[in-house]
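K.L.:
Please find the sequence and the predicted model below.
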Amino acid sequence: MAKVKAFLKRKDIIISVKRYGIDALGAMAQGLFCSLLIGTIINTFGTQFHIPFLTMTVATVNDTAYTVGSLASAMSGPAMAVAIGYALHCPPLVLFSLITVGFASNALGGAGGPLAVLFVAILASEIGKAVSKETKIDILVTPLVTIGVGVALSAWWAPALGSAAMKVGSLIMWATNLQPFLMGILVSVLVGIALTLPISSAAICAALGLTGLAGGAAVAGCCAQMVGFAVMSFPENRWGGLVSQGVGTSMLQMGNIVKNPKIWIAPILTSAITGPLATCVFHLEMNGTPVSSGMGTCGFVGQIGVYTGWMNDIAEGVKTSVTAFDWAGLLLISFILPAILCPLINMALRKIGWVKKGDMALS
């Protein structure tokens with residue numbers, strides 16, 4: 001046992017909740033943002049503002065045309081895996097091999113791709129680190145082992161993990177068949193949770209074609225998480241945290257949620273309030289692209305999607321104009337209510353000692 005411990009220490013393999021649940025998760029969130037989310041933002045801005053160099057085809061692979069944004073989105077698996085490997089202090093040969101591992105696990109995982117990447121990349125990284133520089137043919141052994149283990153685990157686990165993620169999507173679809181009040185609560189809460197978890201809420205919404213009132217509730221839930229965490233953690237993270245969470249992703253808080261799950265109560269309760277307000281009071285609909293339903297305030301793609309839906313409805317004669325009430329609903333649901341309700345709820349949690357100063361600090 002002593003030899004095993006010494007070996008693990010020499011290889012910097014630390015089996016702990018912090019290493020996997022905080023360091024790896026936090027890095028993966030950054031990898032996801034630098035690929036799928038930033039790609040979606042680029043495509044949305046290019047389309048809505050008619051920017052030629054953002055909408056033109058820059059590459060064609062197997063008859064599939066790619067813009068700058070879609071190229072970034074296509075690299076989400078490799079980006080997340082390499083980010084995880086970086087957080088786990090992988091040596092170069094392991095780190096670079098994770099590009100293939102991330103692509104395989106994300107592709108086979110479907111909507112649950114990010115979840116599959118998390119599990120598979122961690123194991124492939126640690127096994128790769130274990131064999132790294134242990135032979136004289138390290139240049140062959142390390143990539144072969146890392147890629148072999150990663151692809152094998154991807155084939156074995158990723159489809160099941162993807163299926164589990166899609167069950168979340170099926171539950172969201174079931175919620176859309178309920179009355180607007182209950183639907184507003186369920187969809188808002190579930191999609192908001194998916195946004196912060198290491199699964200792709202945007203991919204789930206896209207796969208389900210989540211638009212209309214359900215899409216509006218999804219936007220509400222995502223905004224409650226992103227704006228909520230951004231504002232209530234402002235004392236710890238200041239302006240950098242406000243922007244990175246409010247316009248980036250609330251997944252950055254996943255590591256802190258693992259340490260203290262109670263910090264998640266305020267955003268979830270906020271989404272349970274704003275969801276039915278969106279569906280029953282403001283009748284907020286997402287009639288833009290379904291992927292926008294799962295983006296929230298990330299690059300303001302959710303809001304741009306709602307606006308695009310308004311324009312589409314006007315063009316089709318379904319809507320005559322965009323009213324002041326429409327704008328008030330969008331601003332209140334997306335920004336104002338989460339910025340007010342979430343800190344107030346969190347203040348109550350601080351008073352009873354469930355949340356403490358520093359619990360939401362980002363490293």
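P.N.:
Nice, thanks for sending it over.
K.L.:
Can you give me the neighbour number for the closest residue to A206 other than its chain neighbours?
P.N.:
Counting by C-beta to C-beta, 6 or more residues apart in numbering, V291 is the residue found nearest to A206 once chain neighbours are left out, at 4.1 Å. Where C-beta positions appear, they are placed from N, C-alpha and C, glycine not excepted. As a burial measure, V291 scores 25 neighbours (other C-beta atoms under 10 Å).
K.L.:
ok, K11 touching K129?
P.N.:
Yes: contact status for K11 versus K129: in contact at 5.1 Å, counting by C-beta atoms under 8 Å.
K.L.:
ok, the two, which is more surrounded?
P.N.:
K129 (23 against 18).
K.L.:
could you say which helix or strand contains the more buried one?
P.N.:
Using DSSP states H and E, K129 sits within helix 113-131.
K.L.:
Show me what counts as buried in that helix.
P.N.:
Neighbour-count burial for helix 113-131 flags 113-122, 124-129, 131 (criterion: 16 or more other C-beta atoms under 10 Å).
K.L.:
Stretch 175-189 too?
P.N.:
In stretch 175-189, residues buried by neighbour count (16+ other C-beta under 10 Å) are A175, T176, P180, M183, G184, I185, L186, V187, S188, V189.
K.L.:
Show me the strands in the stretch 1-150 of the chain, by range?
P.N.:
59-61, 64-66 (DSSP state E, counting those that start in this stretch).
K.L.:
helices and strands around the last one, which ones?
P.N.:
Right, the one you point to is strand 64-66. Applying 3 or more C-beta pairs under 8 Å, 6 or more residues apart in numbering; DSSP states H and E, one finds that strand 64-66 contacts strand 59-61.
K.L.:
go again using 10 Å as the cut-off
P.N.:
Secondary-structure packing of strand 64-66 (3 or more C-beta pairs under 10 Å, 6 or more residues apart in numbering; DSSP states H and E): strand 59-61, helix 68-74.
K.L.:
As CSV, the strands of the stretch 1-150 of the chain with distance to V94 would be great.
P.N.:
Shown next, in CSV, are the strands of the stretch 1-150 of the chain (distance: least, C-beta to C-beta, whole Å):
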stretch, distance to V94
strand 59-61, 27
strand 64-66, 28
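K.L.:
which one of those strands is the most hemmed in?
P.N.:
Comparing those by mean neighbour count (mean count of other C-beta atoms under 10 Å), strand 64-66 ranks first with a mean of 12.
K.L.:
what does it contact?
P.N.:
For strand 64-66, contacts defined as C-beta atoms under 10 Å, 6 or more residues apart in numbering pick out G39, M56, T57, V58, A59, T60, S70, A72, S73, A74.
K.L.:
For L332, state which of these is nearest.
P.N.:
Using C-beta to C-beta, G39 comes nearest to L332 of the contacts of strand 64-66, at 29.1 Å.
K.L.:
With V301 as the reference, measure out to the closest one.
P.N.:
Noted for G39: a distance of 11 Å to V301, by C-beta to C-beta, to the nearest Å.
K.L.:
try L341
P.N.:
22 Å.
K.L.:
so where's the stretch 151-300 of the chain shaky on pLDDT?
P.N.:
169, 173, 176-177, 207 (pLDDT under 70).
K.L.:
before we move on, the earlier item: how about the residue nearest to A206, what does it touch?
P.N.:
36, 40, 43-44, 73, 200-207, 209-210, 301-302, 305.
K.L.:
In helices, which of those fall?
P.N.:
The members of the contacts of V291 that map onto helices under DSSP state H are 40, 43-44, 73, 201-207, 301-302, 305.
K.L.:
Buried ones only from these, please, as a PyMOL command.
P.N.:
Per 16+ other C-beta under 10 Å, the buried members of the ones in helices among the contacts of V291 correspond to this PyMOL selection:
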select buried, resi 40+43+44+73+201+202+203+204+205+206+207+301+302+305
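K.L.:
could I get the ones in helices among the contacts of V291 as CSV with distance to L161?
P.N.:
Compiled in CSV, the ones in helices among the contacts of V291 are given as follows (distance: C-beta to C-beta, whole Å):
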residue, distance to L161
T40, 22
N43, 26
T44, 28
S73, 20
S201, 16
A202, 17
A203, 13
I204, 13
C205, 18
A206, 18
A207, 15
V301, 25
G302, 26
G305, 27
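K.L.:
Was I right to think I14 contacts Y20?
P.N.:
Yes: with contacts counted by C-beta atoms under 10 Å, I14 reaches Y20, the gap being 9.0 Å.
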